[in-house]
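In: What would the 3D arrangement of this be:
(one chain, ligands or ions: 1)
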Amino acid sequence: MDFLGKSFSYRQGSLYCGNTRLSDVADEVGTPCYLYSATDIVSRFNAYAAGLEGQRHRICYAVKANSNLAVLGLLARAGAGFDIVSGGELFRVLKAGGSASAVVFSGVGKTADEIDYALREGIHSFNCESEAELALIDAKAARLGKRAAVALRVNPDVNAATHPYISTGLREHKFGIPISQVEDVYERAKSLRNIDPAGVSCHIGSQLLETAPLLEALDALLVLVDQLSSRGIAVRHLDVGGGLGVPYKADQKSPCPTEYAGCVRERVAGRDLEIMLEPGRSIVAEAGVLLSRVLYRKQTGGKEFVIVDAAMNDMLRPALYSAHHEIIPLRQKGFGTIHADVVGPVCETGDFLAREREIANVFPGDLVAICTAGAYGFVSASNYNARPRPAEVLVENDGWRVTRERETYEDLIRGESL
Ligand code: LLP
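Out: Numbers count the residues shown, from 1 in each chain. Here you go, the predicted structure:
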């Protein structure tokens, strides 16, 4: 079960996370419910750190992948920095006990208020995506009497060979500044009084199952670092972004974080640079499952449908990217398998969790786990169809706790008026 973290296993036919039987959690908390393994999250984070040992570095977990406070708190205690893309994510990091000085702020559309907030809190640096943004950061920093550390986000024109919606490093994408123009923008940055051109950054895409494009981008950045240095711009940090993929399918192979980080370390050896990575998915994806209960079975149009109580509003990835998530029963009953679509209650044909899938022969009342759901799962949940968002549970040490309550109907209308 590579599509799940090492803490998950079947014991006497029941799915466990550590010593927690998942069906016990589902019975107590209800479904749908996200459940994460603290051990798996921290060990994946440590796997990155191990590869960079001996090299000055900072692993900035990409908060967008899973921003539950308890998850952020775990990572903060493990020594993580954070990659944020909004003021809201900065707020979450600070609430979780993270330090602003370990935060990098990415994103193509930072607002003036967000820049202001980040400057006041004293973040490590901005990953800046355009000259216009640079000018705004300069103006805001001037007003606060600060000098803002900035890394320009370089678009290295490398093909990440992943799903087109999550590939970001090609010339035609909206992200970053083309590598061919970036030296001029650094000159401009150097001339601004309240900007400290402290670093170089990039992020070429997500769910990469090969490291070659990531290392190709790194090589291009290292050439740039040398060129900048010959112009008298000595950057102090190099941020290679995130992007390592995870196995969503039983037979999928994915890169090992330690090996990848080791390759990065070898390439930068001997340079006086702080190396930063921004992994999100590869830290939390396999550490999480979405628990759901089967509501009905139905045969129509010559097809078998398993209708469960989790839907596209709880887990958007299958509807949005036709993403594959393995679906396994919480209790193995030995009734063979069926060929079915697993769908939710939302009124959309796109509301499916699996299509044309060979799955365990489950019946109404049975519980299933939608696997590899720890990344980009809860964070993209919505209230579509006026469905309260699910609870989140963290399994830690020998116990588990609810780290986010299931929303109530009252939550659905908070802030609204007639
Ligand atoms: N840094 C930046 C600037 C990013 O835009 C992203 C992800 C990351 C780091 C983290 O990448 P990761 O290590 O997680 O691959 N919702 C999509 C994924 C969107 C990724 C957006 N950017 C999905 O569910 O597959």
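
In: drop to CA atoms for contacts and neighbour counts, all remaining ones
Out: Noted.

In: Could I get the full set of helices for the stretch 201-350 of the chain?
Out: 212-230, 257-268, 281-284, 317-321 (DSSP state H, counting those that start in this stretch).

In: Would the first one count as contacting the ligand?
Out: No: using CA under 6 Å from any ligand atom, helix 212-230 stays clear of the ligand, coming no nearer than 11.3 Å.

In: pLDDT of that helix, averaged?
Out: The average pLDDT for helix 212-230 rounds to 97.

In: start at 15 instead
Out: Right, with 15 as the first residue, what we last looked at is helix 226-244.

In: Let's have the helices of the stretch 215-364 of the chain in a markdown table, adding mean neighbour count.
Out: Output for those, formatted as a markdown table (neighbours: other CA atoms under 10 Å):
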| stretch | mean neighbour count |
| --- | --- |
| helix 226-244 | 17 |
| helix 271-282 | 18 |
| helix 295-298 | 28 |
| helix 331-335 | 16 |
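
In: Just put those in TSV and tack on distance to residue 182.
Out: As requested, these are exported to TSV (distance: least, CA to CA, whole Å):
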stretch	distance to residue 182
helix 226-244	12
helix 271-282	20
helix 295-298	16
helix 331-335	15
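
In: Quick one: closest of those helices to residue 410.
Out: helix 295-298 (14.2 Å; CA to CA).

In: and that closest one, what other elements does it pack with?
Out: Other helices and strands packing on helix 295-298, by 3 or more CA pairs under 8 Å, 6 or more residues apart in numbering; DSSP states H and E, are helix 52-65.

In: what helices or strands is the helix or strand just after the helix it packs on leaning on?
Out: Per DSSP states H and E, the first helix or strand lying C-terminal to helix 52-65 is strand 71-76. Applying 3+ CA pairs under 8 Å, 6+ apart, we find strand 71-76 packed against strand 95-98, strand 288-291.

In: Output the contacting helices and strands for the last one.
Out: Put plainly, it is strand 288-291. strand 71-76, strand 251-253.

In: ok so, going back, looking at the helices of the stretch 215-364 of the chain, spot the one closest to residue 72.
Out: Of the helices of the stretch 215-364 of the chain, nearest to residue 72 by CA to CA is helix 271-282, at 11.5 Å.

In: how big is the angle separating that closest one from helix 52-65?
Out: Counting by axes from the mean of the first three to the mean of the last three CA atoms, to 10 degrees, helix 271-282 points 20 degrees away from the direction of helix 52-65.

In: Which residues does helix 271-282 contact?
Out: Here helix 271-282 makes contact (CA atoms under 8 Å, 6 or more residues apart in numbering) with 58, 61-66, 69, 225, 229, 232-233, 236, 258, 296.

In: Of all pairs in the residues you listed, which one is the farthest apart?
Out: Longest span within those, CA to CA: 58 and 236, 26.5 Å.

In: Could you report the pLDDT at the spatially most central residue of the chain?
Out: Nearest residue to the geometric centre of the chain (CA atoms, centre = their mean): residue 79, 2.2 Å. With respect to pLDDT, residue 79 scores 98.

In: correct me, but it touches residue 389?
Out: Yes: using CA atoms under 8 Å as the test, residue 79 is close enough to residue 389 to be in contact (4.7 Å).

In: With adjacent residues omitted, what lies nearest to residue 60?
Out: residue 92 (8.0 Å; CA to CA, 6 or more residues apart in numbering).

In: Distance check, that neighbour against residue 75.
Out: Residue 92 sits 11 Å away from residue 75, taking CA to CA, to the nearest Å as the criterion.

In: One more: residue 52?
Out: 15 Å.

In: When those two are compared, which one has more neighbours?
Out: A count of neighbours by other CA atoms under 10 Å puts residue 75 above the other of residue 52 and residue 75, at 31 against 23.

In: beta partners of the more buried one?
Out: residue 96 (DSSP bridges).

In: list the contacts for it?
Out: 89, 94, 95, 96, 97, 291, 292, 293, 294, 297.

In: Widest-spaced pair of the residues you listed?
Out: Every pair of the contacts of residue 75 checked by CA to CA; the farthest is 89 and 291, at 14.1 Å.

In: Name the residue in these two with the higher neighbour count.
Out: Using other CA under 10 Å as the criterion, residue 89 and residue 291 rank with residue 291 on top: 27 against 24.

In: if I read this right, that one contacts residue 253, doesn't it?
Out: Yes: Residue 291 is within contact range of residue 253, at 5.7 Å (criterion: CA under 8 Å).

In: Which helix or strand in the protein has the lowest average pLDDT?
Out: Here the helix or strand of the chain ranked lowest by mean pLDDT, DSSP states H and E is strand 191-192, holding a mean of 93.

In: ok, for residue 150, nearest residue in space, not its chain neighbours?
Out: residue 126 (7.2 Å).

In: for residue 95, same thing?
Out: residue 74 (4.0 Å).

In: thought that neighbour was touching residue 120?
Out: No: counting by CA under 8 Å, residue 74 does not reach residue 120; the two are 11.1 Å apart.

In: hey, what's in contact with both of these two?
Out: With CA under 8 Å, 6+ apart, residue 74 and residue 120 have common neighbours residue 97.

In: rewinding a little: CSV for the helices and strands packed on strand 71-76, including distance to the ligand?
Out: Listed next are those as CSV, based on distance: least, CA to the nearest ligand atom, whole Å:
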stretch, distance to the ligand
strand 95-98, 7
strand 288-291, 8
